[in-house]
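J.: Quick one, fold the following:
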Amino acid sequence: MRIQGTWFGKLKYPDGRVEWMPAQRNLIVASASKFLAAGCSNQTHTLYHALGVGDAGWDFEIPPASKDDTTLFDEVFRKAVTSATYITEYTGLNEEESPQDQDKLQSTVFGPLGSLLVGHLCEIIAGTGAGDVREITAYSSPDQITVSSNFSAVPDNTTKFRVAATSSTETSVVEFETDFLANDSAANSSFREEAIFGGSATQETDSGVMLNVLRSPIFTKTSGVELTRVVRVDFNEVN
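T.: Modelled structure (predicted):
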């Protein structure tokens, strides 16, 4: 079995501005097998999303994390994961060839999914707008979605997207969402590393079993700012 993790995020400021963070791939660590085994036990477990400040030297060059890591370099805060949802991923090309609104995509991929797309993320993975991540806020019949704010450029027929839709049955892909609220004062800092912990994890830093780790360019949450992190974990069997 191989496991992949993709991290998405947004910062919402007191004046209503929203800053979307680029999608990033994480490292699945060796203890992931213990993380999965804990989930199969008959004990109740709470998952935690941990934030760490890392090291200031990482601002010049980020050293790779190790598969043998069991804790963050310098964890300062963690919070219980807000929700975990089974999803299915879909990819496709924008099919609107004439000029269109900068906050919309058109594709026959969307038709069968409809409102199941709303609330999930749309990532532009190639072509015009590549790297953009937005939340899907509306679906319009037959084949159109609207996102939370304009893409960086008007989508065209080179725009390739990846979207997620809620699944009513178990799938191999799970989205973990954690909301760090404006009044979470202990989460007001500058961060360079994050991880998901399970097993025996508690509110105490460095506790539990690590699933994955992400080291990234520094970002800052200040007072009044809301941070939402979505971690999409794909458990797929290798043929």
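J.: pLDDT below threshold where in this protein?
T.: 1, 97-99, 237-239 (pLDDT under 70).
J.: Just checking: what are the partner strands of the longest strand anywhere in it?
T.: Looking across the chain with DSSP state E, the single longest strand is strand 209-221. Using DSSP bridges, the strands paired with strand 209-221 are strand 27-28 (antiparallel), strand 189-198 (antiparallel).
J.: what comes up buried for the last one?
T.: By neighbour count on 16 or more other Cβ atoms under 10 Å, the buried set for strand 189-198 is Phe191, Arg192, Glu193, Glu194, Ala195, Ile196, Phe197, Gly198. C-beta coordinates here come from the backbone N, C-alpha and C atoms, glycine included.
J.: Same list (those residues) but as JSON lines, adding distance to Gly129.
T.: Output for the buried residues of strand 189-198, formatted as JSON lines (distance: Cβ to Cβ, whole Å):
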{"residue": "Phe191", "distance to Gly129": "27"}
{"residue": "Arg192", "distance to Gly129": "27"}
{"residue": "Glu193", "distance to Gly129": "28"}
{"residue": "Glu194", "distance to Gly129": "26"}
{"residue": "Ala195", "distance to Gly129": "30"}
{"residue": "Ile196", "distance to Gly129": "29"}
{"residue": "Phe197", "distance to Gly129": "34"}
{"residue": "Gly198", "distance to Gly129": "35"}
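J.: out of those residues, what pair is the most spread apart?
T.: Arg192 and Gly198 (22.2 Å; Cβ to Cβ).
J.: Run through the bridge partners of Ala80.
T.: Under the criterion used here (DSSP bridges), Ala80 is bridged to Tyr48.
J.: swap in Glu19?
T.: Bridge pairing for Glu19 - DSSP bridges - gives Leu11.
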